[in-house]
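Undergrad: Just need the structure, nothing else, for what follows:
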Amino acid sequence: MDTTPTQRPRAAQVEAGGAAVTLEDSEPLFDLAAALNACGYDADLDKSAPVRAKVRADMNEALQASDAARTSRDALCGYIARHRANDMGLDVGQYVSLALYLSPPPELTPNVSELDLPPQAAAVVNVLPLLRTFADAVDLHFIWVEHRAEYETLLRRVHDPMTQMILATNIYLHMPVSTYDGRRFLVLIEPMLSSNLTNARIYGTDYITITSPDNRPEGDPVRMEEIRHIYLHYIVEPMVYSRSEAMERIQPMLRGVQDAPLEFFYKSDVEALLTECLIKAIEAQTFVIAAPHPKKPNIVRSRADLEPYDTAMLAYNSETALERLRLVDSDERQGWTMTGYFYHALDLMAKTGDGLRDEIAPMIYGMDVGGEEHHARQIMFVKEVPSDPLHPSPRPHTVQGMDLAELDLMKGDDDGAARLADKEMLAPDGDHGRAQYILARIDLMHGDAEKAQEGFQSTLKLSKDPRTLAWSHIYLGRLYDMMLPPDRNRAIAEYKTALEVRDSRPDTKLAAESGVAKPFAPPQRPGQVTPKPSDDDKDFDPTGKKEKEQYKPPQ
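TA: Model (predicted):
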């Protein structure tokens, strides 16, 4: 998941008080997409909006008329060929990421330091001088202006169905109308890209979706269900990550998905896994079957006039309920093991009439973690899952090295994790920083605070990975908080240093900010007195003992 540590990309820079949800186009994105087309990118050309073929024809005309233009095209295409990824989606995605950080033509320069560009974008940033030369040689800005009206027409076609989708989602979740509060959901359309490809990025607090209209004369010209999925991330993620302290109790759910065909990202981050399961449950609850909705008769003279309609509605609702349960089962078999729990919890939400903002706390705190983990272990997982626009990957992530050690830690196999970390420390070219970080965490789990502190300090000298460094500072801050007496000043200094490392992942940021706000309190163990919950969820017991029976899904 791409993030930006300092500035937002140009596409996401807005004025305070503006709209939180916007639909736009982007000339830098057009320039890079046009360049890809000039260099042989033909994916789904026959399904694309007609403007794509027109722009390609205009570029070909300019190339035929100028030897300089052809020379610039050859240099540009040579660079693109040398930097081709193994997967078409990732290949195009790296240029999409770069486009989001560019100033408008003719400059086409990054509006952040190259060190702050996402890795995908940084890998192809040297294409920009070649792109500027090519754009000037074929007069790409003139082509953009000439076809701007067609882009505006496509924007209007997407606007109404997207507005209806946002409104329907907000109504179901009882969310207020979005206004700009520093966060933004942005949809960019670019018909020069494949209509079967949806790119999504999360840069800090900006959720950006890049989609391409197809050539259908009627209906939604874009994949509205994928735009809705990213919008649900925009809505749900802040609610989940604001309760990161509650995730300690739900951490065992990761054990039940280690054999699922999910990306390692979801197998190692319980907040991300829970968020996706909740989103899948919302999508299942609002799923609409393809059959037409029965129409109530306009004229009703007696009860008998309504009987055909009532029968049709009963059949329609039964089929809808069945299809929704099938969707839940399919999601769980893909690895989203908490989908069923949240699906039934959303049923309760609908009955009480409350919104997700009010109900998400009892959903999280009321989960019977042991029961849900047992349920996850009974699921027969499928072999493959659909691609994820937020985490595209050409093939499943091979778990090895320190990733394998992390999995051992999650399973409770401290000895196995320690053996792998020790082996990595002995390897001349091993990831010594991450291995030392894992060993320090094992020492901390075994109660050896002094040795753990030395291990985290050694990690800071050995590692260059921002996430490993940030969490080492967080753990050091927590150790200072738990000293007798606590060294609060040094703890705050460590938490602030973790923020300065700019890992930019929500769990890291929230853990560090929480440490700055108040001293760290260790998780409760059996037999310990449960502390008073935080004010934001004061009515709920963080252990879940009080609420879990009430919110436990039916067998």
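Undergrad: Tell me the secondary structure at F185.
TA: For F185, the secondary-structure state derived from DSSP: H, G, I helix; E, B strand; the rest coil is strand.
Undergrad: and it, how many residues sit next to it?
TA: 22 (other Cβ atoms under 10 Å). Any C-beta I mention is one placed from the backbone N, CA and C, and that applies to glycine too.
Undergrad: and it, what are its bridge partners?
TA: When bridges are taken as DSSP bridges, the partners of F185 come out as V21, Y207.
Undergrad: Could you report the pLDDT at it?
TA: Note on F185: pLDDT of 92.
Undergrad: Is it in contact with A20, as I believe?
TA: Yes: applying Cβ atoms under 8 Å, one finds F185 in contact with A20, separated by 6.4 Å.
Undergrad: For stretch 212-231, measure first residue to last.
TA: With Cα to Cα, to the nearest Å as the measure, the ends of stretch 212-231 fall 17 Å from one another.
Undergrad: which outside residues touch it?
TA: 21, 44, 47-50, 154, 157-158, 161-162, 165-166, 169, 185, 187, 189-195, 197-198, 200, 207, 209, 211, 279, 283, 389-390 (Cβ atoms under 8 Å, 6 or more residues apart in numbering).
Undergrad: So for it, what gets flagged as buried?
TA: 212-215, 220-224, 227-231 (16 or more other Cβ atoms under 10 Å).
Undergrad: For it, the averaged confidence score.
TA: Predicted confidence along stretch 212-231 averages 89 (mean pLDDT).
Undergrad: Among the buried residues of stretch 212-231, which are located in strands?
TA: Counted as lying in strands by DSSP state E, out of the buried residues of stretch 212-231, is not a single one.
Undergrad: of those residues, closest to D305?
TA: The shortest gap between D305 and any of those belongs to D220, at 35.2 Å (Cβ to Cβ).
Undergrad: residue boundaries of the strands in the stretch 51-200 of the chain?
TA: Listed from the start of the chain, the stretch 51-200 of the chain has strands (DSSP state E, counting those that start in this stretch) covering 184-189, 199-203.
Undergrad: possible to save these as CSV with distance to P104?
TA: What follows is the strands of the stretch 51-200 of the chain, written out as CSV (distance: least, Cβ to Cβ, whole Å):
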stretch, distance to P104
strand 184-189, 14
strand 199-203, 18
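Undergrad: Go ahead and name everything in contact with stretch 430-441.
TA: For stretch 430-441, the external contacting residues (Cβ under 8 Å, 6+ apart) are 401-402, 405-406, 409, 417-418, 420-425, 451-456, 458-459, 462-465, 468, 471-472, 475.
Undergrad: if we can go back for a sec, could you dump the buried residues of stretch 212-231 to CSV with distance to S66?
TA: Formatted as CSV, the entries for those read as follows, by distance: Cβ to Cβ, whole Å:
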residue, distance to S66
S212, 29
P213, 31
D214, 32
N215, 30
D220, 40
P221, 34
V222, 35
R223, 38
M224, 41
I227, 39
R228, 44
H229, 44
I230, 41
Y231, 44
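Undergrad: which two in those residues are spaced the farthest apart?
TA: In the buried residues of stretch 212-231, two members sit farther apart than any others by Cβ to Cβ. They are N215 and Y231, at 24.8 Å.
Undergrad: which regions of the stretch 401-550 of the chain lie under the pLDDT threshold?
TA: Within the stretch 401-550 of the chain, the set of residues satisfying pLDDT under 70 comprises 502-506, 523-550.
Undergrad: actually the stretch 251-400 of the chain, not the one I typed
TA: Per-residue confidence for the stretch 251-400 of the chain (pLDDT under 70) gives these ranges: 391-400.
Undergrad: switch the cut-off to 90
TA: When the per-residue scores of the stretch 251-400 of the chain are filtered using pLDDT under 90, the ranges that remain are 263-265, 268, 290-293, 295-310, 350-354, 365, 383-400.
Undergrad: can you check the stretch 101-250 of the chain too?
TA: Across the stretch 101-250 of the chain, residues meeting the criterion (pLDDT under 90) sit at 112-120, 175-184, 196-206, 216-221, 223, 241-249.
Undergrad: where along it do the helices fall?
TA: 119-122, 128-137, 140-146, 148-173, 224-241, 247-250 (DSSP state H, counting those that start in this stretch).
Undergrad: between those, which gets nearest to P292?
TA: Using Cβ to Cβ as the criterion, the shortest distance between P292 and the helices of the stretch 101-250 of the chain is 17.9 Å, found for helix 148-173.
Undergrad: so the residue nearest the centre of the chain, which of the three states?
TA: Compute the mean C-alpha point of the chain, and by Cα atoms, centre = their mean the closest residue is L390, 4.7 Å away. The three-state label given to L390 by three-state DSSP is coil.
Undergrad: what residues are up against the closest residue to it other than its chain neighbours?
TA: Once flanking residues are discounted, L390 sits nearest to A200: 4.9 Å by Cβ to Cβ, 6 or more residues apart in numbering. For A200, the contact set (Cβ under 8 Å, 6+ apart) comprises Y207, I208, T209, I210, E226, I230, P389, L390.
Undergrad: 6 Å - rerun?
TA: T209, I230, P389, L390 (Cβ atoms under 6 Å, 6 or more residues apart in numbering).
Undergrad: want to throw the helices of the stretch 101-250 of the chain into CSV with distance to D429?
TA: Output for those, formatted as CSV (distance: least, Cβ to Cβ, whole Å):
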stretch, distance to D429
helix 119-122, 21
helix 128-137, 33
helix 140-146, 45
helix 148-173, 49
helix 224-241, 35
helix 247-250, 34
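Undergrad: out of those, nearest to Q258?
TA: For the helices of the stretch 101-250 of the chain, the distance to Q258 is smallest for helix 247-250, at 15.3 Å, taking Cβ to Cβ.
Undergrad: Figure out which of the strands of the stretch 51-200 of the chain is closest to L484.
TA: L484 sits nearest to strand 199-203 of all the strands of the stretch 51-200 of the chain, at 40.7 Å, using Cβ to Cβ.
Undergrad: Report the angle between that closest one and helix 224-241.
TA: Strand 199-203 and helix 224-241 meet at an angle of 20 degrees, taking axes from the mean of the first three to the mean of the last three Cα atoms, to 10 degrees as the criterion.
Undergrad: between strand 199-203 and strand 184-189, how big is the angle?
TA: Computed by the same axes, to 10 degrees, the angle between strand 199-203 and strand 184-189 is 150 degrees.
Undergrad: ok, strand 199-203: who's next to it in the sheet?
TA: Strand pairing for strand 199-203, using DSSP bridges, gives strand 206-211 (antiparallel).
Undergrad: got the contact list for the partner strand?
TA: In this structure, residues lying in contact with strand 206-211 by Cβ under 6 Å, 6+ apart are 8, 12, 96, 184-188, 198-201, 222, 227, 230, 234.
Undergrad: rewinding a little: which members of the contacts of stretch 430-441 are classed as buried?
TA: Using 16+ other Cβ under 10 Å, the buried members of the contacts of stretch 430-441 are 401-402, 405-406, 409, 417-418, 420-421, 424, 452-453, 455-456, 458-459, 462-463, 465, 468, 471-472, 475.
Undergrad: Can you list which of these are found in strands?
TA: Among these, DSSP E puts none in strands.
Undergrad: Among the residues you listed, which are located in helices?
TA: Within these, residues falling in helices by DSSP state H are 401-402, 405-406, 409, 417-418, 420-421, 424, 452-453, 455-456, 458-459, 462, 468, 471-472, 475.
Undergrad: What is the burial count for I189?
TA: Residue crowding around I189 was assessed by other Cβ under 10 Å; the count is 23.
Undergrad: Renumber starting at 838 from here on
TA: Got it, the first residue is 838 from now on, which makes the last one we talked about I1026.
Undergrad: what's near enough to touch it?
TA: By Cβ under 6 Å, 6+ apart, the residues touching I1026 are D862, L991.
Undergrad: Check the gap between it and L860 for me.
TA: When Cβ to Cβ, to the nearest Å is the yardstick, I1026 and L860 sit 7 Å from each other.
Undergrad: ditto for T1112
TA: Between T1112 and L860 the distance, using Cβ to Cβ, works out to 24 Å.
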